[in-house]
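K.L.:
Curious how this folds, go ahead:
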Amino acid sequence: MSDVDFHDLTTAELYRSLHPIAVPHSSPRAVFTNWGLSFTCRPLAVFEPDNEAQCRAIIELARRENVPVRAAGAGHSPSDQACTMGFMIRTTKMNKLLEVRLVTVQGGMLLHALHVHLAEHNLGLTSVGSISGQTIAGIVTTASHGSGLTYPSMSCLVHSLSLLLSDGSIVRTSRDPAEDPDLFLATLCGLGGTGLIMTVTLQCEKRFRLREDAENVEFDDFVDRFAEIAASAQHVRCWWFGQRGVVRVSRCNRTNEPPKKAASWFRQVFLAYHVVQFTLFLGRYWPIWNTWTAIFASWLLKERSVGVDDSWKIFNVDCRYPQHTTEYGLAMANVPGCLLALQEFTQRELSDPEGLRPHFPFEIRFSEADDIWLSPAYRRRTCWIGVAQYKPYGLQVPYTRLLSQVSHILYSHGGRPHWAKEHPLKPFDFRQMYPMWGRFNEVRRRVDRVGMWESEWSRRCFGDYISNNPLRRYDRGYG
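P.N.:
Reported below is the predicted structural model:
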């Protein structure tokens, strides 16, 4: 198929050529559900390509049939960002390591797999987020981040990209003036709006270990020493248990020490996973259990702990359960006031017999400023504040009121929402937040004149840019 000129094929021949990579409608894989079990859709067709030629054939068919296309990787976004009623390209078979120097991989490779490949070559990524279940392309297009005041989002590790455009062409883009740097900056945190990422070339470094030292700090002390604590290690991340007024502070630094486990299996798995999940289940029926669960979880973490391991194993945190979640990035100067507002909200709800009973802590992380047009850390050092409502055994839990009120507080303190997570914002809000908003949409129109990459989610966030787009008929019916 790699040597075929798809423009010479009839539409019937295109369908036949794609049949081997089309997921049968009777297969469970024909229905897409995100990892958080919060959104489901049944696309018109789901394709699982493993090379560029197959992707080009899908785009040619979509162009002829006026069908929109969305790419879906591991489905780790808690939002409906990947959902479509048109064609879906599942990229998880585009998972090969193509080059080791500057490391080039296919966009569908899972981060978990990349860690293993890099370790075999004594390499590692400079910074990694809390999870590694996403595809590389998914990380790039959402500006996923780790934690560390001097470490920007993972999209900043990208040296260059190859991108399949809606006209079927494949282009290479980077910061090089000869390789369309505007397209590069629009695609990093481009939310899939510019094209399908085929390959990603990453800047890596020599493999390293991290030592994590964790301790509890009283909330008032944490707020008073916020700037000092944020800068107290190479990578600092925190979890604030409002029910007990304590903040768990994790400080990670590079080390040559041998590996060391931070906790026993009984404490880390039996108590912190199985027992906690059961108490979360009880909290679906008796909300007071949510408060007790949070107190129990913070008790499990009351002692100082030290752990040493390969960098990605320390960076990653077991997210444990499907969840609804939101997260916003704030300018550092706005954070103490925001934390006090969140404390007031938490105490007000806990003192009200009919108030909310959120079960788990606020997560607090940090990242360096970057120059990526739609990155929430654009031109400012950022503190990330997020909260989740876990779904024990995959069951539904109340979450809309909590996420709505927390979002309002974070937004009112200048927060920009993490694109992959749930938020209520609209194009008007984003236009005020991002100085390069207009330029991003100009690039988007330039490389996708037919609106092939549009979806109901993208229209909520970016607005309409193609009037009466015939592809829009495919964007209803999921939830």
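K.L.:
which one's the longest helix in this protein?
P.N.:
helix 335-351 (DSSP state H).
K.L.:
Tell me the first helix or strand C-terminal of that one.
P.N.:
Remark: after helix 335-351, the chain's next helix or strand is strand 362-367, criterion DSSP states H and E.
K.L.:
who does that following strand pair up with?
P.N.:
Strand pairing for strand 362-367, determined by DSSP bridges: strand 235-241 (antiparallel), strand 382-390 (antiparallel).
K.L.:
Next, the angle from it to helix 335-351.
P.N.:
If you take axes from the mean of the first three to the mean of the last three C-alpha atoms, to 10 degrees, strand 362-367 sits at 170 degrees to helix 335-351.
K.L.:
before we move on, back to that, if we compare the strands paired with strand 362-367, which one ends up closest to L350?
P.N.:
L350 sits nearest to strand 235-241 of all the strands paired with strand 362-367, at 11.8 Å, using C-beta to C-beta. For glycine as for every other residue, the C-beta is placed from the backbone atoms N, C-alpha and C.
K.L.:
Please list the residues outside the closest one that contact it.
P.N.:
Strand 235-241 is contacted by residues 127, 130, 146-149, 151, 210, 219, 222, 229-230, 246-253, 294-295, 297-298, 301, 315, 339, 361-366 when judged by C-beta atoms under 8 Å, 6 or more residues apart in numbering.
K.L.:
do stretch 452-467 as well
P.N.:
Outside stretch 452-467, the residues that touch it by C-beta under 8 Å, 6+ apart are 59, 62-63, 68-70, 79-81, 83-84, 86, 166, 191-195, 419, 425-427, 430, 441, 444-445, 448-451, 469, 471-472, 475-476, 478.
K.L.:
circling back: of the contacts of strand 235-241, buried ones?
P.N.:
127, 130, 146-149, 151, 210, 219, 222, 229-230, 246-252, 294, 297-298, 301, 315, 339, 361-366 (16 or more other C-beta atoms under 10 Å).
K.L.:
mind listing which of these are in helices?
P.N.:
219, 222, 229-230, 294, 297-298, 315, 339.
K.L.:
sorry, back to before: quick one: closest of the strands paired with strand 362-367 to A12.
P.N.:
That would be strand 382-390 among the strands paired with strand 362-367, by C-beta to C-beta, at 47.7 Å.
K.L.:
any idea which helix or strand comes after that closest one?
P.N.:
Counting by DSSP H and E, what follows strand 382-390 is helix 400-412.
K.L.:
Quick one: list the elements packing against that following helix.
P.N.:
strand 323-331, helix 335-351, strand 382-390, strand 416-417 (3 or more C-beta pairs under 8 Å, 6 or more residues apart in numbering; DSSP states H and E).
K.L.:
The last one pairs with which strands, parallel or anti?
P.N.:
Pairing partners of strand 416-417, with direction, according to DSSP bridges: strand 323-331 (antiparallel).
K.L.:
Between helix 400-412 and the strand it pairs with, find me the angle.
P.N.:
Going by the same axes, to 10 degrees, strand 323-331 makes 10 degrees with helix 400-412.
K.L.:
ok now strand 323-331, how far from the chain's centre?
P.N.:
Centroid displacement of strand 323-331 relative to its chain, using C-alpha atoms, centre = their mean, to the nearest Å, is 10 Å.
K.L.:
Over to stretch 411-426?
P.N.:
Relative to the centre of its chain, stretch 411-426 is centred 13 Å away, using C-alpha atoms, centre = their mean.
K.L.:
just stretch 65-75 next, same as before
P.N.:
On C-alpha atoms, centre = their mean, the centre of stretch 65-75 falls 17 Å from that of its chain.
K.L.:
and if you look at stretch 193-212?
P.N.:
With C-alpha atoms, centre = their mean, you get 14 Å for stretch 193-212.
K.L.:
What of stretch 77-85?
P.N.:
12 Å.
K.L.:
With stretch 325-332 instead?
P.N.:
13 Å.
K.L.:
Likewise for stretch 181-198?
P.N.:
Remark: stretch 181-198 is offset 15 Å from the chain centroid, using C-alpha atoms, centre = their mean.
K.L.:
Repeat that for stretch 50-57.
P.N.:
Taking C-alpha atoms, centre = their mean, one finds the center of stretch 50-57 at 25 Å from the center of the full chain.
K.L.:
Residues contacting it, please?
P.N.:
With C-beta under 8 Å, 6+ apart, stretch 50-57 has contacts from 1-2, 4, 6, 14, 17-18, 21, 47, 49, 89, 93-94, 164, 168, 170, 196, 198.
K.L.:
right, and R439 touches D182 too?
P.N.:
Yes: the pair R439 and D182 passes the contact test of C-beta atoms under 8 Å, sitting 7.2 Å apart.
K.L.:
ok so, going back, list the buried residues of the longest helix of the chain.
P.N.:
335-336, 338-339, 342-343, 345-346, 349.
K.L.:
for Q134, what are its contacts?
P.N.:
73-74, 76, 110-111, 144.
K.L.:
On the pLDDT front, check it for me.
P.N.:
Q134 is assigned 92 on the pLDDT scale.
K.L.:
how about the residue lying closest to it once chain neighbours are set aside, secondary structure?
P.N.:
Nearest residue to Q134, sequence neighbours excluded (C-beta to C-beta, 6 or more residues apart in numbering): H76, at 4.4 Å. Each residue gets one of three states, and H76 gets coil by DSSP: H, G, I helix; E, B strand; the rest coil.
K.L.:
Go ahead and confirm H76 touches W35.
P.N.:
Yes: assessed by C-beta under 8 Å, H76 is found in contact with W35 at 4.8 Å.
K.L.:
Strands - which of the contacts of stretch 50-57 land there?
P.N.:
Applying DSSP state E to the contacts of stretch 50-57, the entries found in strands are 47, 89, 164, 170, 196, 198.
K.L.:
Taking those residues together, which two end up most distant?
P.N.:
F47 and I170 (16.8 Å).
K.L.:
Settle it for me: which of the two has more neighbours?
P.N.:
F47 (23 against 17; other C-beta atoms under 10 Å).
K.L.:
ok, the more buried one - contacts?
P.N.:
Here F47 is in contact with 18, 21-23, 54, 58, 87-90 (C-beta under 8 Å, 6+ apart).
K.L.:
ok, now with 7 Å
P.N.:
By C-beta atoms under 7 Å, 6 or more residues apart in numbering, the residues touching F47 are 18, 21-22, 58, 87, 89-90.
K.L.:
what about it, distance to M198?
P.N.:
14 Å (C-beta to C-beta, to the nearest Å).
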